[in-house]
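Q: A structural model of the following input is requested.
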Amino acid sequence: MNDFFGFLVVFCCWVVWLLLPGGVASVVLHFLLSLPMRRRDRALFFLDLLETVITRGQPVEQAILSAAQNQDRAIGVGFYMVAAQLERGARLGEALEKVPGFLPPQVNAMIRAGEKLGDLKKVLPACREVLRVAPDTVRTTMHYMVAILLLFAPIAIWLISMLSLFVVPKFRDVAAGFGTPTWPFALVIFRIAPDLVLFEAILFFVLLGVAAAYIGGPRFIRWFQFRTVPVVDWISWHVPWKRKKLLRAFSAMLAVLLDAGVPEAEAVSLGAEATANEICRRRAQRVIAALQQGATLLDAVRAFDDTGEFHWRLANAAHAHGGFLGALRGWHAALDAKAFQQEETATHVLTSGLVILNGIVVGLIAIGMFGMLVMLLRSTIAAT
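A: Here you go, the predicted model:
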């Protein structure tokens, strides 16, 4: 009986020792991968709070301070940091600017534009458009990329290195002892083994960067942004689906401002600020320069979008009833759909390519190992 209990204790200890690291890793991975969604949910909660308060006609700053007194952890530390800035006498836009990690940069810029406009409620629909989540397939594929990053690439680097340093030399010694020539194809494979390790290392760091950008969000990405050389903004503008989202954000904000009667030059400037993208700001300056030279808004916006589609859509919206925002809503939905389609296609192509490339690496190593083993077996059989 004592032996049984002793065996049970040892078995449980082994199970815990084997499963605990995997469980801890799963919890950490879930926490990291869910960070972007939690940031989005907190931003949406903040927008809902603003809309409720504005609808009731209550002061926004006072309502935020009252909500902060509940000390609810679910709304995040950033909310309390914003409340602390408001308590010190800052306005809402100033408080959000001093806590840049609480809301996405585009939402921050839109709220500040709404504050300048004097009507925050008008910019809230545009803010929600920015926070629209990608389809489940895109998020699942992104999580799959992180799994490849955390599991396969480091293991592949370790295995190829161990095979090259310890296993392959032993095979060569045994083959030399039998007087067996090494299979030429195996020689080629193991000669390029350091290149395969380098490839897996590069793949690891590239995926690490992608995962860090996804998990860290806009605040992390902004660390690599320079005002004079806006590398991050330049990349965002030249990625097709991100450009469509930037164009949608600019168009939605411009439509809201034009409907509110804001002067065209100021509306273009605030619309560009709402994108939180330096490339958009520079293109907006071209539009403003054209307006100052006497061009109409419909002609001036050609400098913002090289394709000419924005000019065509805005021209049609100018003749429609119900305001610019209502006339452009269908185009904004089409931009969203096209952006999601392109993002989903890119993620599927990327992950499929990674699986194929990793399969080729594993296949080459397996062919080399089994080829050498077959040559040794043939030599042994011939000797006997």
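Q: which of the residues in the helix or strand Arg39 falls within are buried?
A: Following DSSP states H and E, one finds Arg39 within helix 35-56. Neighbour-count burial for helix 35-56 flags 36, 39-43, 45-47, 49-51, 53-54 (criterion: 16 or more other Cβ atoms under 10 Å). (Each C-beta comes from the backbone N, C-alpha and C, glycine too.)
Q: so which of those comes closest to Ala366?
A: Nearest to Ala366 among the buried residues of helix 35-56, counting by Cβ to Cβ, is Pro36 at 37.4 Å.
Q: you'd agree the closest one is up against Ile215?
A: Yes - using Cβ atoms under 8 Å, Pro36 makes contact with Ile215 at a distance of 6.8 Å.
Q: Which residue would you name as the spatial centre of the chain?
A: The chain has Tyr214 as the residue nearest its centroid, 3.4 Å off, counting by Cα atoms, centre = their mean.
Q: how far away is it from Ala267?
A: Separation of Tyr214 from Ala267 (Cβ to Cβ, to the nearest Å): 33 Å.
Q: ditto for Gly322
A: 18 Å.
Q: Look at the two and report which has more neighbours.
A: Counted by other Cβ atoms under 10 Å, Gly322 and Ala267 do not tie: Ala267 has more neighbours, with 25 against 10.
Q: Leaving out chain neighbours, which residue sits closest to that one?
A: Leu257 (3.7 Å; Cβ to Cβ, 6 or more residues apart in numbering).
Q: Identify the single longest helix in the protein, thanks.
A: helix 323-383 (DSSP state H).
Q: before we move on, back to that, hmm, the residue nearest to the centre of the chain is touching Pro36, no?
A: Yes - counting by Cβ under 8 Å, Tyr214 touches Pro36, with 6.5 Å between them.
Q: Contact partners for Trp122?
A: If you look again at residue 122, you'll see it is Lys, not Trp. Lys122 is in contact with 114, 256, 259-260, counting by Cβ atoms under 8 Å, 6 or more residues apart in numbering.
Q: Please pick the buried ones from those residues.
A: For those, buried by 16+ other Cβ under 10 Å: 114, 256, 259-260.
Q: Reformat the residues you listed as a markdown table; add secondary structure, distance to Val239 and pLDDT.
A: Formatted as a markdown table, the buried ones among the contacts of Lys122 follow (DSSP: H, G, I helix; E, B strand; the rest coil; distance: Cβ to Cβ, whole Å; pLDDT from 0 to 100):
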| residue | secondary structure | distance to Val239 | pLDDT |
| --- | --- | --- | --- |
| Gly114 | helix | 27 | 82 |
| Val256 | helix | 25 | 83 |
| Asp259 | helix | 30 | 84 |
| Ala260 | coil | 31 | 80 |
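Q: Just list the residues touching Phe269, thanks.
A: Quick fix: residue 269 is Ser, not Phe. Per Cβ under 8 Å, 6+ apart, neighbours of Ser269: 284, 288.
Q: Secondary structure element for it, which one?
A: helix 264-273.
Q: angle of that helix against helix 323-383?
A: Note on geometry: by axes from the mean of the first three to the mean of the last three Cα atoms, to 10 degrees, helix 264-273 and helix 323-383 are set 30 degrees apart in direction.
Q: in helix 264-273, what counts as buried?
A: Quick answer for helix 264-273 (16+ other Cβ under 10 Å): 264-265, 267-273.
Q: Now Pro154: closest residue in space that isn't a chain neighbour?
A: Per Cβ to Cβ, 6+ apart, closest to Pro154 is Phe204, 6.5 Å.
Q: these two touch, right, that neighbour and Ile155?
A: No - between Phe204 and Ile155 there is no contact under Cβ under 8 Å: 10.4 Å.
Q: So which of the two has more stuff around it?
A: Between Phe204 and Ile155, counted using other Cβ under 10 Å, the more crowded position is Phe204 (18 against 11).
Q: domains for this protein, by residue range?
A: Listed domain ranges for the chain are 35-130, 136-224+347-383 (source: automatic domain parsing).
Q: From the chain's centroid, how far away is the longest one?
A: Put plainly, it is domain 136-224+347-383. 26 Å (Cα atoms, centre = their mean, to the nearest Å).
Q: pLDDT of the helix or strand containing Ala300, averaged?
A: Assigned by DSSP H and E, Ala300 belongs to helix 297-300. Helix 297-300 carries an average pLDDT of 86.
Q: Toward the C-terminus from that helix, list the very next helix or strand.
A: Immediately after helix 297-300, counting by DSSP H and E, sits helix 309-318.
Q: Phe250 and Lys98: what is the separation?
A: 25 Å.
Q: Of the two, which one has the most company?
A: Phe250 (27 against 14).
Q: ok, the more buried one touching Leu270?
A: No - the criterion here is Cβ under 8 Å, and Phe250 misses it with Leu270 at 10.0 Å.
Q: related to what we said a few turns ago, alpha carbons of the helix or strand hosting the residue nearest to Ala267, as PDB, please.
A: If you go by DSSP H and E, Leu257 is part of helix 240-259. Taking Å, rounded to 0.1, in the frame of the first residue of the first chain, the C-alpha atoms of helix 240-259 are listed here in PDB:
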ATOM      1  CA  PRO A 240      -2.200  48.400 -49.400                       C
ATOM      2  CA  TRP A 241      -4.700  47.600 -46.700                       C
ATOM      3  CA  LYS A 242      -3.200  50.100 -44.200                       C
ATOM      4  CA  ARG A 243      -3.300  52.800 -46.900                       C
ATOM      5  CA  LYS A 244      -7.000  52.100 -47.400                       C
ATOM      6  CA  LYS A 245      -7.600  52.400 -43.600                       C
ATOM      7  CA  LEU A 246      -5.700  55.700 -43.600                       C
ATOM      8  CA  LEU A 247      -7.700  57.000 -46.500                       C
ATOM      9  CA  ARG A 248     -10.900  55.900 -44.800                       C
ATOM     10  CA  ALA A 249      -9.900  57.700 -41.600                       C
ATOM     11  CA  PHE A 250      -9.000  60.900 -43.400                       C
ATOM     12  CA  SER A 251     -12.200  60.800 -45.600                       C
ATOM     13  CA  ALA A 252     -14.500  60.100 -42.600                       C
ATOM     14  CA  MET A 253     -13.000  62.900 -40.500                       C
ATOM     15  CA  LEU A 254     -12.900  65.400 -43.400                       C
ATOM     16  CA  ALA A 255     -16.600  64.600 -44.100                       C
ATOM     17  CA  VAL A 256     -17.600  65.200 -40.500                       C
ATOM     18  CA  LEU A 257     -15.700  68.500 -40.500                       C
ATOM     19  CA  LEU A 258     -17.200  69.700 -43.800                       C
ATOM     20  CA  ASP A 259     -20.700  68.800 -42.700                       C
END
